[in-house]
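Engineer: Sequence and predicted structure are below.
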Amino acid sequence: MNPDLSPLADALADADVDGYLLDADSEESDQLYLSGFDAPDPFVTLYTPEETALLVSGLEYGRATEESRADAVARLSDYGFQEKVAEYGRTEGKQRVVAAFLADRGVESVAAPERFPLGTADGLREQGLSVEVLDGDVVEEIRATKTDEEVEHVHAAQQANEAAMAAAEELIDAATVKDGVLYHDGEALTSERVTEEIEVTLLRHGCALDETIVACGADAAGPHNRGSGPLEANETIVIDIFPRDKSTKYNGDMTRTFVKGEASDEVRRRYDITHEAFEVALDAIEPGVTGKEVHDAVCDVYEREGFDTLRSNPSAETGFIHTTGHGIGLDVHELPRVSPDGGELRPGHIVTIEPGLYDPEVGGIRIEDLVVVTKDGYENLTDYPIRLEL
C-alpha cells in the first residue's frame with residue numbers, strides 16, 4: 001500500500017517546517033500508517049516531502065529494512081547511541097541521537113502530532129531544533145480515505161466478525177430456558193460464556209479483541225456496558241463485536257440485538273423503528289453528503305416516533321443517546337464522523353451505521369453494519385442477517 005501523503009506535504013509547507021516527526025510504537029495508528037512497520041517498542045519516523053526515514057534499534061533494523069515502507073532506515077548505533085548514553089544518560093543520549101538523525105537529513109524544524117512525547121519535544125528543542133504541533137488531524141484525515149487494499153483488510157476483519165456473531169447467535173439459539181434464565185450444557189449461559197465463544201472464534205479466523213459487548217436487559221440500555229452474568233429469556237441481548245485482524249491490524253465492527261424467546265410489543269416496536277432508522281441512514285449515504293446529514297436523517301425517524309435524541313434533548317438519558325456512526329480502519333473509532341459535526345463523505349471512506357434505542361425499563365436495541373462509500377453510493381461490507389427473535 002502506498003498512500004497519498006501529498007496533503008501532509010502541503011500541511012508542512014503551510015507550517016513552514018522541514019518534516020513531520022513521530023516517536024511511538026506501532027500501536028499508534030499514525031505511526032503504523034506512515035512507516036508501514038509493526039514494532040512493539042517506540043521508534044522514530046521522519047516524513048519529509050523527499051523521503052520517509054526510520055530510526056530504530058539494532059534489534060529491529062533487519063525487519064524494518066525488509067518490511068517497512070520507509071525510503072531509508074537508520075540504527076541508533078549509527079549515531080553513537082551507547083556512547084551518548086554513557087556520557088549523557090539514556091534520556092538525553094537518545095534525544096541527541098534523534099537530533100543527529102534529523103541533522104543528517106538537513107532537518108532543522110519539525111511538526112508533530114498533538115500527543116507527541118513531551119520529553120522528546122523538549123529534548124530536541126534543547127538541541128536547537130524547532131518542534132511545533134501540526135494543526136488538525138492531517139494524517140488521520142489521510143487515513144480516512146481507504147485504498148482498495150485497505151477496504152479488503154477491513155472486509156476480511158468483518159468476515160471474521162460475522163463468524164463470531166454466528167457462533168454467539170448459535171449458542172443463544174441452542175440454549176434452554178429455566179425460570180427465565182438461559183441454560184447451556186446444564187449451566188446458566190452468561191455474558192462471559194458468550195464472550196468466550198466470540199473470542200475463540202475470532203482467534204481461529206486470525207483476529208482478536210480486547211473486549212466486546214454481550215449485554216442483556218437493563219445492562220443493554222448502556223451503549224458501552226460490556227454486560228455480565230446470566231442471560232435472560234424474553235429480554236434484549238445486544239452483541240457488539242469489534243475485532244482487529246492480527247496480521248493487517250485493521251478492524252471490523254458489527255452489532256446485532258437478539259431476544260431468546262418472545263419479544264414484547266414495545267421491544268418489537270422499538271426494534272422496527274431502529275431498523276427503519278438504519279435503512280434511512282444507508283439510503284442517505286453517497287459521495288458529497290455529510291455525516292451530519294446522515295445523522296440528522298436518523299434523528300428525524302426517532303423524533304417522529306416520540307423518542308428523545310441528543311439533538312432534541314442534549315441531556316437525554318434514554319432514547320437515541322449516541323451518534324449514528326464513525327469511521328473505522330486501523331482504529332475502531334477514527335475519521336470520518338457520522339455525527340452532528342460529521343463532514344463530507346468521500347469514496348473510500350468506511351463508516352459504521354449503528355442507530356439504537358436505550359431505556360433500562362425496556363432494554364437496549366442497536367443494529368450496526370459497516371459500509372464503504374463508493375462513487376455511486378455505498379457498498380455494505382457486512383453480510384449478516386438482521387433478525388430479533390431466536
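Structural biologist: Structure received.
Engineer: what residue is smack in the middle of the chain?
Structural biologist: By Cα atoms, centre = their mean, the chain has its centre lying nearest to residue 332, at 1.2 Å.
Engineer: so what's residue 376 scoring on pLDDT?
Structural biologist: Looking at residue 376, its pLDDT is 95.
Engineer: who's in contact with the nearest residue to it once chain neighbours are set aside?
Structural biologist: Nearest residue to residue 376 in three dimensions, chain neighbours excluded: residue 286, at 7.6 Å (Cβ to Cβ, 6 or more residues apart in numbering). Where C-beta positions appear, they are placed from N, C-alpha and C, glycine not excepted. By Cβ atoms under 8 Å, 6 or more residues apart in numbering, the contact list for residue 286 reads 345, 373, 376-378.
Engineer: Please apply the same query to residue 324.
Structural biologist: Here residue 324 is in contact with 281, 291, 294-295, 298, 338-339, 353-355 (Cβ under 8 Å, 6+ apart).
Engineer: next one: residue 274
Structural biologist: The contact partners of residue 274, by Cβ under 8 Å, 6+ apart, come to 355-357, 365-367.
Engineer: Residue 328 too?
Structural biologist: Going by Cβ under 8 Å, 6+ apart, residue 328 touches 154, 251-253, 334, 350-352, 370.
Engineer: same thing but at 6 Å, please
Structural biologist: Residue 328 sits next to 251, 253, 350 when contact means Cβ atoms under 6 Å, 6 or more residues apart in numbering.
Engineer: If I follow the layout properly, the first one ends up in contact with residue 332?
Structural biologist: Same thing as residue 251. Yes - at 4.9 Å, residue 251 counts as touching residue 332 under the criterion of Cβ atoms under 6 Å.
Engineer: if I pick residue 312, what's in contact with it?
Structural biologist: residue 303.
Engineer: Work out for me the element it sits within.
Structural biologist: Residue 312 belongs to no helix or strand when assigned by DSSP states H and E.
Engineer: And the pLDDT for it?
Structural biologist: At residue 312, the pLDDT recorded in the model is 97.
Engineer: Can you tell me the SS state at the residue of the chain positioned farthest from its centre?
Structural biologist: Within the chain, residue 87 marks the point farthest from the mean C-alpha position, 42.5 Å out by Cα atoms, centre = their mean. Three-state call for residue 87 (DSSP: H, G, I helix; E, B strand; the rest coil): helix.
Engineer: what's the closest non-adjacent residue to it?
Structural biologist: Per Cβ to Cβ, 6+ apart, closest to residue 87 is residue 93, 7.0 Å.
Engineer: For that neighbour, what is the enclosing helix or strand?
Structural biologist: Per DSSP H and E: helix 90-103 holds residue 93.
Engineer: Which other helices and strands does the next helix or strand after that helix contact?
Structural biologist: Later in the chain than helix 90-103, the nearest helix or strand by DSSP H and E is strand 109-112. The contact analysis (3 or more Cβ pairs under 6 Å, 6 or more residues apart in numbering; DSSP states H and E) places strand 109-112 against strand 19-24, strand 130-133.
Engineer: okay, the ones you listed in JSON lines with mean pLDDT next?
Structural biologist: As requested, those are exported to JSON lines (pLDDT from 0 to 100):
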{"stretch": "strand 19-24", "mean pLDDT": "98"}
{"stretch": "strand 130-133", "mean pLDDT": "96"}
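Engineer: which of those strands sits most buried?
Structural biologist: strand 19-24 (a mean of 25; mean count of other Cβ atoms under 10 Å).
Engineer: I'd guessed residue 295 sits against residue 337; true?
Structural biologist: No - between residue 295 and residue 337 there is no contact under Cβ under 6 Å: 8.5 Å.
Engineer: Neighbour count: the two, which is higher?
Structural biologist: residue 295 (27 against 23; other Cβ atoms under 10 Å).
Engineer: In a helix, the more buried one, correct?
Structural biologist: Yes - membership of residue 295 in a helix is supported by three-state DSSP.
Engineer: How much space separates the closest residue to it other than its chain neighbours from residue 350?
Structural biologist: Residue nearest to residue 295 in three dimensions, not counting chain neighbours: residue 324, with 4.3 Å by Cβ to Cβ, 6+ apart. Using Cβ to Cβ, to the nearest Å, we find residue 324 at a distance of 14 Å from residue 350.
Engineer: Over to residue 224?
Structural biologist: From residue 224 to residue 350 the distance is 21 Å (Cβ to Cβ).
Engineer: Neighbour count for these two, which is higher?
Structural biologist: When residue 224 and residue 350 are compared for neighbours, residue 350 comes out ahead with 28 against 9, by other Cβ under 10 Å.
Engineer: give the contact list for that one.
Structural biologist: Going by Cβ under 6 Å, 6+ apart, residue 350 touches 146, 154, 328, 372.
Engineer: Among those, which are located in strands?
Structural biologist: Counted as lying in strands by DSSP state E, out of the contacts of residue 350, are residue 372.
Engineer: By neighbour count, which of the contacts of residue 324 wins?
Structural biologist: Of all the contacts of residue 324, residue 355 has the most neighbours under the rule other Cβ under 10 Å, reaching 29 neighbours.
Engineer: what number of residues lie near the residue nearest to that residue when sequence neighbours are not counted?
Structural biologist: Sequence neighbours aside, residue 277 is the residue nearest to residue 355 in space, at 4.0 Å (criterion: Cβ to Cβ, 6+ apart). Residues near residue 277, counting by other Cβ under 10 Å, number 27.
Engineer: again, but for the one 5 residues further on
Structural biologist: Burial of residue 282 is recorded as 16 neighbouring residues (other Cβ under 10 Å).
Engineer: Residue 348 versus that one, what's the distance?
Structural biologist: 17 Å.
Engineer: In the stretch 101-250 of the chain, where is pLDDT below threshold?
Structural biologist: The model of the stretch 101-250 of the chain has no residue with pLDDT under 70.
Engineer: switch to 90 and redo it
Structural biologist: 135-137, 210 (pLDDT under 90).
Engineer: domain parsing for the protein?
Structural biologist: Partitioning the chain according to automatic domain parsing yields domains covering residues 6-142, 145-380.
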